[in-house]
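**Student:** How does the following fold in three dimensions:
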Amino acid sequence: MSATFSTEPYKGTRDFYPDDLSKRNYIFNTWRKTLIHYGFEEYETSLLENANIYIAKSGEELGGSQLYNFYDKGERFVALRPEQTPSLARIVAARHRELKFPLRWFSIPNCFRYERPQKGRLREHWQVNVDIIGLDRGEAELELLSLIGNIFQSFGARSEHFKIMYNHRLLLDQWVEEVGLSDHKPLVYKILDDWFKKDDTQKAEIMGQTLNNDQIQLVLDLGNKKGEPWMTYQKLSENFAELKLLNDNLKLIHKNLDYEFTPCIVRGIAYYTGLVYEVFDKNPTNPRALLGGGRYDDLLDMFDKSTPA
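**Tutor:** Model (predicted):
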């Protein structure tokens, strides 16, 4: 008797019937058309990658529990890519002497993350990756945050539909040290990173297991942009010229779009070294970030190269 198999796809993946694929192609083609128009070039890398790259650079969650990894028949430690940026760093490092910088590259990879499938988040997904490599802080950040507005507008989105929020990881490091919370940095970062998913009571309960009441209030006031913690944060931000450049110019470039400087954008990936940003749907039924990224000047160091990115 022959075996009977399920018609369901592997858990956390999906099939694209013609109607679904036409919608996906529309999204991909809009990304591609917009990015090429603004001078970006498309590249592609293999779905399989050295697993140790992600373990070293993608952070504990993405490089650990969420990684699809295995040993192949040649005993090589391999992973299905959970993200594209480490592969980009590898191919740039491989031809570092031949390439003409700055690079403005993009790719539309499919990625795999072993996590619980939920609404809007499966184990396999596609995303557009857009990178500028070889420009120091300031100019590249302004270009990318402006480009983000252009990409969303290319789909017909307007300011009432989405908000672009940004922060600076080194600024957050300075603030944590300034207020005496350095010993609790992972907890503070986790609370801020999940800021829009919980109310203040839930945040206080989580922090109450480790922090005292005064420390809890510091974090809550910072996240809510209130009082002395927020004033201190703004004062420290004056140390970062790229933040002043963004604050002064984004509204001039896109007068009708909603940009916000906030301490509540952290991004969990370990390789970020400066500006970080996320885009949110203003519809409260969709609290997840639509887009995220940041500066990663040290990522090519693992390949013995040094290039701002």
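**Student:** looking at it, Val130 is touching Asn150, isn't it?
**Tutor:** No. Between Val130 and Asn150 there is no contact under Cβ atoms under 8 Å: 10.9 Å. Just so you know, the C-beta spots here come from the backbone N, C-alpha and C atoms, and that holds for glycine as well.
**Student:** Those two: which has the busier surroundings?
**Tutor:** Val130 (19 against 15; other Cβ atoms under 10 Å).
**Student:** Tell me the secondary structure at the more buried one.
**Tutor:** Using DSSP: H, G, I helix; E, B strand; the rest coil, the structure places Val130 in strand.
**Student:** Who does it form a beta bridge with?
**Tutor:** Bridge pairing for Val130 (DSSP bridges) gives the partners Phe106.
**Student:** What segments of this structure are helices?
**Tutor:** 18-37, 51-57, 60, 85-94, 139-154, 169-178, 185-193, 200-207, 213-223, 227-237, 241-253 (DSSP state H).
**Student:** Which of these has the lowest mean pLDDT?
**Tutor:** Note on the helices of the chain: lowest mean pLDDT is at helix 60, with a mean of 64.
**Student:** Look up how far Glu44 lies from the nearest residue to Asp72 once chain neighbours are set aside.
**Tutor:** Nearest non-adjacent residue to Asp72, counting by Cβ to Cβ, 6 or more residues apart in numbering: Val78, 5.1 Å away. Distance of Val78 to Glu44, given as Cβ to Cβ, to the nearest Å: 18 Å.
**Student:** These two: which is more packed in?
**Tutor:** Higher neighbour count among Val78 and Glu44: Val78, with 16 against 11, using other Cβ under 10 Å.
**Student:** how close does the more buried one get to Thr45?
**Tutor:** For Val78, the distance to Thr45 - Cβ to Cβ - is 14 Å.
**Student:** now Thr285
**Tutor:** Distance from Thr285 to Thr45, by Cβ to Cβ: 35 Å.
**Student:** Over to Tyr296?
**Tutor:** Applying Cβ to Cβ to Tyr296 and Thr45 gives a distance of 17 Å.
**Student:** Could you check which of these two is surrounded by more residues?
**Tutor:** Using other Cβ under 10 Å as the criterion, Tyr296 and Thr45 rank with Tyr296 on top: 23 against 15.
**Student:** Disregarding residues adjacent in the polypeptide, which is nearest to the more buried one?
**Tutor:** In space, Tyr296 is closest to Tyr271, 4.6 Å off (Cβ to Cβ, 6+ apart).
**Student:** Is the one you found in contact with Glu83, as I believe?
**Tutor:** No. Contact criterion Cβ under 8 Å: Tyr271 and Glu83 do not qualify, at 10.1 Å.
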